[in-house]
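Colleague: next input, structure requested:
(one chain, ligands or ions: 1)
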Amino acid sequence: MAVHFHEEDLPADVSFRDGPIAVDTEAMGLIWGRDRLCVVQLSDGGGDEHLVRFRRGSNYDAPNLKALLADPDRLKLYHFARFDIGIMQAYLGIMAAPLYCTRTASRLVRTYTDRHGLKDLVKELLGQEISKQQQTSDWGAAELNDAQREYAASDVRYLHALKERLDERLEREGRTELARACFDFLPTRALLDLAGWPEQDIFAHDG
Ligand code: MN
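Modeller: Prediction:
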């Protein structure tokens, strides 16, 4: 169980076990085009996390990372995939799908609450406490401190376990196929964000 730190790409000799890979990103903010991508975090669910850090001025030429993320046979797990796949499309030029989104799954089954943050899900479904204290920290700093690295790693640490619990709930509520269809649509939703329809519901009659 360790957090591995890399600069600008995954080393070629990092190997991940088969199956889904948990992915998260940290950026300077939440607006594409203004806020650069700083970190991509990965976990295969085996207990280790890998952080790939991009410096200011990076050309985002990360062939090993891109090959893994764009692999059509590898399911990617996210919490709020819409943001992560959008910013990776914008900076890395790849669509990191197919995907599963724990936030979307939560919205479909935990209809008794409006608390769908990762911290809330980890607490309710896994009985664990995670800190979101570093969420708003400076991911563009020259060096990431230990608290930032631990926070970044913890954002991908629980996604495999959450998927298991959420899949049980989706099955119980008869919403497995609806969830799958939503996940499959998310790349298009992210492309709409990037193309200039960030908030509008293009399916709505008005607005
Ligand atoms: Mn995060």
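
Colleague: touching, Gly33 and Ala90? I think so.
Modeller: Yes: using CB atoms under 8 Å, Gly33 is in contact with Ala90, at 7.0 Å. From N, CA and C alone the C-beta is placed, and that goes for glycine too.

Colleague: the two: who's more crowded?
Modeller: Using other CB atoms under 10 Å as the criterion, Gly33 and Ala90 rank with Ala90 on top: 18 against 8.

Colleague: surely the more buried one and Asp35 touch.
Modeller: No: using CB under 8 Å, Ala90 is not in contact with Asp35, being 9.9 Å away.

Colleague: how many neighbouring residues does Glu199 have?
Modeller: Residues lying near Glu199 (other CB under 10 Å) number 7.

Colleague: next one: it from the ion, what distance?
Modeller: Distance, Glu199 to the ion, using CB to the ion, to the nearest Å: 22 Å.

Colleague: ditto for Gln200
Modeller: Separation of Gln200 from the ion (CB to the ion): 26 Å.

Colleague: just the CA atoms of the lengthiest helix in the chain, as PDB, please.
Modeller: The single longest helix within the chain, with elements called by DSSP state H, is helix 176-195. Below are the C-alpha coordinates for helix 176-195, written out as PDB (Å, rounded to 0.1, in the frame of the first residue of the first chain):
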ATOM      1  CA  THR A 176     -28.800  -1.000 -13.700                       C
ATOM      2  CA  GLU A 177     -29.600  -0.400 -17.400                       C
ATOM      3  CA  LEU A 178     -30.600   3.200 -16.900                       C
ATOM      4  CA  ALA A 179     -27.300   3.800 -15.100                       C
ATOM      5  CA  ARG A 180     -25.400   2.100 -17.900                       C
ATOM      6  CA  ALA A 181     -27.100   4.300 -20.500                       C
ATOM      7  CA  CYS A 182     -26.200   7.400 -18.400                       C
ATOM      8  CA  PHE A 183     -22.600   6.400 -18.100                       C
ATOM      9  CA  ASP A 184     -22.400   5.800 -21.900                       C
ATOM     10  CA  PHE A 185     -23.900   9.200 -22.500                       C
ATOM     11  CA  LEU A 186     -21.400  11.000 -20.200                       C
ATOM     12  CA  PRO A 187     -18.700  11.400 -22.900                       C
ATOM     13  CA  THR A 188     -21.200  13.200 -25.100                       C
ATOM     14  CA  ARG A 189     -22.300  15.300 -22.100                       C
ATOM     15  CA  ALA A 190     -18.700  16.300 -21.500                       C
ATOM     16  CA  LEU A 191     -18.200  17.200 -25.200                       C
ATOM     17  CA  LEU A 192     -21.300  19.400 -25.000                       C
ATOM     18  CA  ASP A 193     -19.600  21.200 -22.000                       C
ATOM     19  CA  LEU A 194     -16.500  21.700 -24.000                       C
ATOM     20  CA  ALA A 195     -18.400  22.800 -27.200                       C
END
